[in-house]
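Asker: Quick one: sequence and predicted model below, then my questions.
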Amino acid sequence: MTILSLSTLETWLWDSANILRGSIDSSDFKNYIFGLLFLKRANDVFDEEVENIMKKENLSKKDAEEEPYFRIPEEARWKALTSKTENIGEALDKAFAAIERDNTQLEGVMTAIKFGDKEKLSDAVLQRLLRHFNQYSLRNSELYTPDVLGDAYEYLIKMFADDAGKKGGEFYTPKGVVRLIVRLIKPQPKNLVYDPTSGSGGMLIESAKYIAQQPNGKIGNNINVSLFGQEKNLGTWAICKINMILHNFMDADIRKGDTLVDPKHKDNKNNLMLFDRVIANPPFSQDKWWTSAETNIEKKLDKDGKEKEITPNYNKVVVDKFGRFQYGIPPRSYGDLAFLQHMVAVLKEDGRMGIVLPHGTLFRGGTEGAIRQKLLEKDIIEGIVGLPSALFYNTGIPASVWIINKSKPERLKNKVIIIDASSEFKQGKVQNQLEEKDIAKVVDSYDSEVDIDKFIRVVGIAEIKENDYNLNISRYIDTNEAEEEIDLKDVLESIANLEENEKAIDEKLNQYLKALGL
């Protein structure tokens, strides 16, 4: 029996992507590969569980197949699918539909991608792909640890993000950034943790891993946490659902839909649910973020008789029945502070949240400046951490982490911790990375609340008010190196000496030229 290590699993799974090259766009690899990975894993675990039930309870195979919690219908059995030589894509689509039919918690997940389009995926390519996945068993008994498949899945997500370039930022946040935010907001056992733009689920998974290391962080083999998320992109939502299952978070509540216009997590009175920890990396500076106002834009004729769209006035068209935008309606071109205000609205009074936002949110004026001022006057901004540039897939600009705390400790009342971590990174060819030492330096400094020259300051609101509530980090932390003082007397003496030397050289040169008759 071959026990699969993480490195073997990673290489094997990534090689599956090479089979698809030339058939479909690399940004779509993840949808097909993750679907097949889940199908193979579900089949292997189902077979393993059936065999164990047959031995333990002395049942026939037919009776034992009725027992597992997760059902694999006949048309989705791996052996039947790998024996097909034609119309393989159609068979896979039927298999995924059957799994959803028999396992209602997966409704919409498995059928989010279609294998039956022969113009994209021929029978020959799919046959190669299935043969490749058939090389190893993914039974629990043949994995190095129960968590290894989840770790390999995270590796694949990163590799697909690398491969997709800028599009990778739509579903993946670099691991170093995620770990930094989690360690700043410190989720605790029994917490309800929520990500309103969950992507592939990395922030939720990392929060759970952090909790698992805390006292009482685990109950038996289960981590003592409840995970919630919402994702707008259907394919990414499906990936997130699979990610949760492969990490054994079967009960994670991941909804699909536009969080700003239609938040899905509500209590039995139809009010927004509240959470202990909220964490997110929303799309940077999303424009036209109130999508319901953008679907039927009015048009008028200009003076030349041409149709011209009437730009919606967001102060009038954004009507939120949940009252989330109490600090102000962000401009149409920048949805950053709309996401932040949604997160503040669903944060418990003793909760903490961390959000990644572009640097512009620290200093842009107008409506955003007014929102920032109200947040500061409300005294819920606990910290701002300036990140290095080129960390993210979808932008090279630097970003910042905002830490919000509705119940700041007395020592931090009317103060904001500001850190300039722009120099704390490992340089990469395409992207920079936050390493463990960089994360530890930021977190330790943040927790100590002690000023360090050119790195961290605890700044009073009074000083921020003097700066018109501008949070641009360079206003509070001077990272410029002091220029060496120049002694003008020494400089003048040096110039005089140079002139004397130059005069002596000229005289000697003239003597040589005269001797040569020139």
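Answerer: Arrived safely. A quick note: this is a predicted structure, and the numbers were derived from the prediction, not measured.
Asker: how far away is residue 263 from residue 334?
Answerer: As judged by C-beta to C-beta, to the nearest Å, residue 263 and residue 334 stand 20 Å apart. (Each C-beta comes from the backbone N, C-alpha and C, glycine too.)
Asker: Look up which residues are beta-bridged to the closest residue to residue 340 other than its chain neighbours.
Answerer: In space, residue 340 comes closest to residue 355 once its chain neighbours are excluded; the distance is 5.7 Å by C-beta to C-beta, 6 or more residues apart in numbering. With DSSP bridges as the criterion, residue 355 is bridged to residue 280, residue 402.
Asker: Can you verify my assumption that residue 355 contacts residue 343?
Answerer: Yes - between residue 355 and residue 343 there is a contact at 6.0 Å, judged by C-beta atoms under 8 Å.
Asker: list the residues that contact both of these two?
Answerer: 278, 280, 404 (C-beta atoms under 8 Å, 6 or more residues apart in numbering).
Asker: Might you report the residue contacts of the second one?
Answerer: So that's residue 280. Going by C-beta under 8 Å, 6+ apart, the list of residues near residue 280 reads 195-197, 203, 339, 343, 353-356.
Asker: Tell me if I am right that residue 404 is in a helix.
Answerer: No - Residue 404: not assigned to a helix; according to DSSP: H, G, I helix; E, B strand; the rest coil it is strand.
Asker: and the nearest residue to it once chain neighbours are set aside, how far is that from residue 362?
Answerer: Setting aside the residues directly before and after it, residue 404 is nearest to residue 353 in space (C-beta to C-beta, 6+ apart), at 4.6 Å. Applying C-beta to C-beta, the value for residue 353 to residue 362 is 17 Å.
Asker: which of those two has more neighbours?
Answerer: With neighbours defined as other C-beta atoms under 10 Å, residue 353 and residue 362 compare such that residue 353 has more, 26 against 20.
Asker: ok, the closest residue to residue 290 other than its chain neighbours - contacts?
Answerer: Nearest non-adjacent residue to residue 290, counting by C-beta to C-beta, 6+ apart: residue 318, 5.0 Å away. Contacts for residue 318 were tallied using C-beta under 8 Å, 6+ apart; they are 290, 293, 325, 329.
Asker: Farthest-apart pair in those residues, please.
Answerer: 293 and 325 (13.4 Å; C-beta to C-beta).
Asker: Which one's more surrounded, the two?
Answerer: The neighbour count for residue 293 versus residue 325, taken as other C-beta under 10 Å, is higher for residue 325 (21 against 18).
Asker: my read: the more buried one touches residue 341, true?
Answerer: Yes - Residue 325 lies in contact with residue 341 (C-beta under 8 Å); the separation is 5.3 Å.
Asker: how near is the residue found closest to residue 387 once you drop the neighbours it is linked to in the chain to residue 488?
Answerer: Leaving aside its chain neighbours, residue 387 sits nearest to residue 399 (5.0 Å; criterion: C-beta to C-beta, 6+ apart). From residue 399 across to residue 488, the span is 44 Å (C-beta to C-beta).
Asker: where's residue 452 relative to residue 413, distance?
Answerer: Counting by C-beta to C-beta, the gap from residue 452 to residue 413 is 22 Å.
Asker: any idea how far residue 198 is from residue 229?
Answerer: For residue 198, the distance to residue 229 - C-beta to C-beta - is 3 Å.
Asker: meant to ask about residue 105, not that
Answerer: 15 Å.
Asker: So between these two, which is more surrounded?
Answerer: Legend: neighbour count by other C-beta under 10 Å for residue 105 and residue 229, higher for residue 229 (28 against 11).
Asker: Give the helix, strand or coil label for the more buried one.
Answerer: strand.
Asker: That one bridge partners, please.
Answerer: According to DSSP bridges, beta-bridge pairing links residue 229 with residue 195, residue 254.
Asker: and it, what does it touch?
Answerer: Residue 229 touches 194-196, 198, 201, 204, 240, 252-255, counting by C-beta under 8 Å, 6+ apart.
Asker: which one is residue 396 nearest to, not counting chain neighbours?
Answerer: What sits nearest to residue 396 in space, not counting adjacent residues and going by C-beta to C-beta, 6+ apart, is residue 390, at 4.9 Å.
Asker: I figured that neighbour was touching residue 422, is that so?
Answerer: No - contact criterion C-beta under 8 Å: residue 390 and residue 422 do not qualify, at 10.9 Å.
Asker: Give me the nearest residue to residue 234, chain neighbours excluded.
Answerer: Leaving aside its chain neighbours, residue 234 sits nearest to residue 112 (5.3 Å; criterion: C-beta to C-beta, 6+ apart).
Asker: Tell me the predicted confidence for that neighbour.
Answerer: Residue 112 carries a pLDDT value of 83.
Asker: re the thing from before, mind listing what the residue nearest to residue 404 touches?
Answerer: 185, 277-280, 343-344, 347, 403-404.
Asker: For it, which three-state class applies?
Answerer: strand.
Asker: That one and residue 345, how far apart?
Answerer: Taking C-beta to C-beta as the measure, residue 353 falls 11 Å from residue 345.
Asker: just to revisit the earlier point, and the shared contacts of residue 355 and residue 343, which is closest to residue 271?
Answerer: When those are compared for distance to residue 271 (C-beta to C-beta), residue 278 comes out closest, at 16.0 Å.
Asker: Please confirm that that closest one is located within a strand.
Answerer: Yes - according to three-state DSSP, residue 278 belongs to a strand.
Asker: Burial check on it, number of neighbours?
Answerer: Neighbours around residue 278, by other C-beta under 10 Å: 28.
Asker: What lies in contact with stretch 249-268?
Answerer: Defining contact as C-beta under 8 Å, 6+ apart, one finds that stretch 249-268 is touched by 105, 108, 194, 196-198, 201, 204-205, 208, 223, 226-232, 234, 237, 240-241, 244, 272-273, 289-292, 322, 335, 338-339, 342, 346.
Asker: So which of the residues you listed are in helices?
Answerer: Applying DSSP state H to these, the entries found in helices are 204-205, 208, 234, 237, 240-241, 244, 338-339, 342.
Asker: Put the buried members of those into a ChimeraX selection.
Answerer: Only the buried members of those enter the following ChimeraX selection, criterion being 16 or more other C-beta atoms under 10 Å:
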select :204,205,208,237,240,241,244,338,339,342
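Asker: Save the ones in helices among the contacts of stretch 249-268 as a markdown table, and put in pLDDT too.
Answerer: Below are the ones in helices among the contacts of stretch 249-268 laid out as a markdown table (pLDDT from 0 to 100):
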| residue | pLDDT |
| --- | --- |
| 204 | 96 |
| 205 | 94 |
| 208 | 96 |
| 234 | 87 |
| 237 | 91 |
| 240 | 89 |
| 241 | 90 |
| 244 | 89 |
| 338 | 98 |
| 339 | 98 |
| 342 | 98 |
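Asker: which one among the ones in helices among the contacts of stretch 249-268 gets closest to residue 219?
Answerer: For these, the nearest to residue 219 is residue 208 (12.7 Å; C-beta to C-beta).
Asker: and residue 496, backbone torsions?
Answerer: Here is the backbone geometry of residue 496 (degrees, to the nearest 10): phi -60, psi -40.
Asker: Model confidence at it, what's the number?
Answerer: We have a pLDDT of 79 for residue 496.
Asker: residues near it, how many?
Answerer: Residue 496 has 10 neighbours, counted by other C-beta under 10 Å.
Asker: From residue 322, how far out is residue 404?
Answerer: Counting by C-beta to C-beta - residue 404 and residue 322 are separated by 18 Å.
Asker: can you check residue 82 too?
Answerer: Distance of residue 82 to residue 322, given as C-beta to C-beta: 49 Å.
Asker: same check, this time on residue 21
Answerer: 45 Å.
Asker: The two: who's more crowded?
Answerer: With neighbours defined as other C-beta under 10 Å, residue 21 and residue 322 compare such that residue 322 has more, 13 against 10.
Asker: tell me the contacts of the spatially closest residue to the more buried one that is not a sequence neighbour?
Answerer: With sequence-adjacent residues excluded and distances taken as C-beta to C-beta, 6+ apart, residue 322 is closest to residue 272, at 5.4 Å. Residue 272 sits next to 263, 265-266, 322, 324, 345-346 when contact means C-beta under 8 Å, 6+ apart.
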